[in-house]
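> 3D model of this:
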Amino acid sequence: MDGIFIISELTGTAREIVRAAQEKIDRRLASTSVPHITITGSSGVGPIPLNVPLEALKTALGPIAETTAPITARLGAPMRFMQTDIIVLPLDPHGPLRALHDRIATSGLPFQPARFPFTPHATLSFYVTLDAAQRRELLSVRVEGSVIIDRLQCYRTVDPLPARKVLELDLTGRAGNEERAG
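Numbering: from 1, shown residues only. You can find the predicted model right below:
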């Protein structure tokens, strides 16, 4: 679906592991996006319409980023998403990540409809039809340790073109500020 997605780019070892899996199995995904955690756009709320001005994104998301502390999370074991060949590394949809998503969802920005409940994740495969060996290989991927969600990036996505970053905001709040109105 075309629109503006809000993500948090992966860094460090997690980025390397996700990128390696994408490049081996789903080269199209690897060539059109960066390894990331999807916060809005594919679940919970759909993408932001492409006609929303950059200034509106900054106005809505700026206060949220300023009052949200970086979030430490773990990528879970891979799973098939809704009986498709989409393989994702899920994150716990509760706690600070859910609070961040909900603040964005109620920020006043328009969102297209979402087909799925909030399911934060890093995508390993999206465009390919997997054979049994590829499916097993992706389902064996593991990311040890935590990931830090410390930035929000807004990417303009118009398939089949590569996604283009249009905004990046650091999460600069202190722990305990996540519930403030934004």
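> pLDDT below threshold where in the protein?
The chain contains residues with pLDDT under 70 at 175-182.
> mind listing the helices for it?
With DSSP state H as the criterion, the chain has helices at 12-25, 27-32, 54-66, 96-105, 132-139.
> what does the shortest one rub up against?
This means helix 27-32. Contacting residues not belonging to helix 27-32 are listed as 19, 22-23, 123, 125-128, 159-163 [Cβ atoms under 8 Å, 6 or more residues apart in numbering]. C-beta: built from backbone N, CA, C; applies to glycine.
> Go again with 6 Å.
For helix 27-32, contacts defined as Cβ atoms under 6 Å, 6 or more residues apart in numbering pick out 22-23, 126-127, 162.
> Pull the most distant pair out of those residues.
The most widely separated members of the contacts of helix 27-32, counting by Cβ to Cβ, are Glu23 and Pro162 (14.6 Å).
> which residues sit in contact with the most centrally placed residue in the chain?
For the chain, the residue nearest the mean C-alpha position is Thr38 (1.1 Å; Cα atoms, centre = their mean). The contact partners of Thr38, by Cβ under 6 Å, 6+ apart, come to 7, 121.
> Equivalent analysis for the one 5 residues further on, please.
By Cβ under 6 Å, 6+ apart, the residues touching Ser43 are 114, 116, 118-119.
> what do you get for Pro70?
Neighbour list for Pro70: 148, 150, 171 [criterion: Cβ under 6 Å, 6+ apart].
> and those as JSON lines, adding distance to Ile87 and neighbour count?
Below are the contacts of Pro70 laid out as JSON lines (distance: Cβ to Cβ, whole Å; neighbours: other Cβ atoms under 10 Å):
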{"residue": "Ile148", "distance to Ile87": "23", "neighbour count": "15"}
{"residue": "Asp150", "distance to Ile87": "25", "neighbour count": "17"}
{"residue": "Leu171", "distance to Ile87": "27", "neighbour count": "21"}
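> Nearest to Arg135 among those residues?
Once Cβ to Cβ is applied, the member of those that ends up nearest Arg135 is Ile148, at 29.4 Å.
> Name the residues linked to that closest one by a beta bridge.
Beta-bridge partners for Ile148, by DSSP bridges, are Thr72.
> Now do it against Pro35, distance only.
14 Å (Cβ to Cβ, to the nearest Å).
> just Leu29 next, same as before
The spacing between Leu29 and Pro35, counted by Cβ to Cβ, is 10 Å.
> And for Arg135?
The gap separating Arg135 from Pro35 is 20 Å, by Cβ to Cβ.
> same thing with Gly145?
Taking Cβ to Cβ, one finds Gly145 at 15 Å from Pro35.
> Between those two, tell me which one has more neighbours.
Pro35 (23 against 10; other Cβ atoms under 10 Å).
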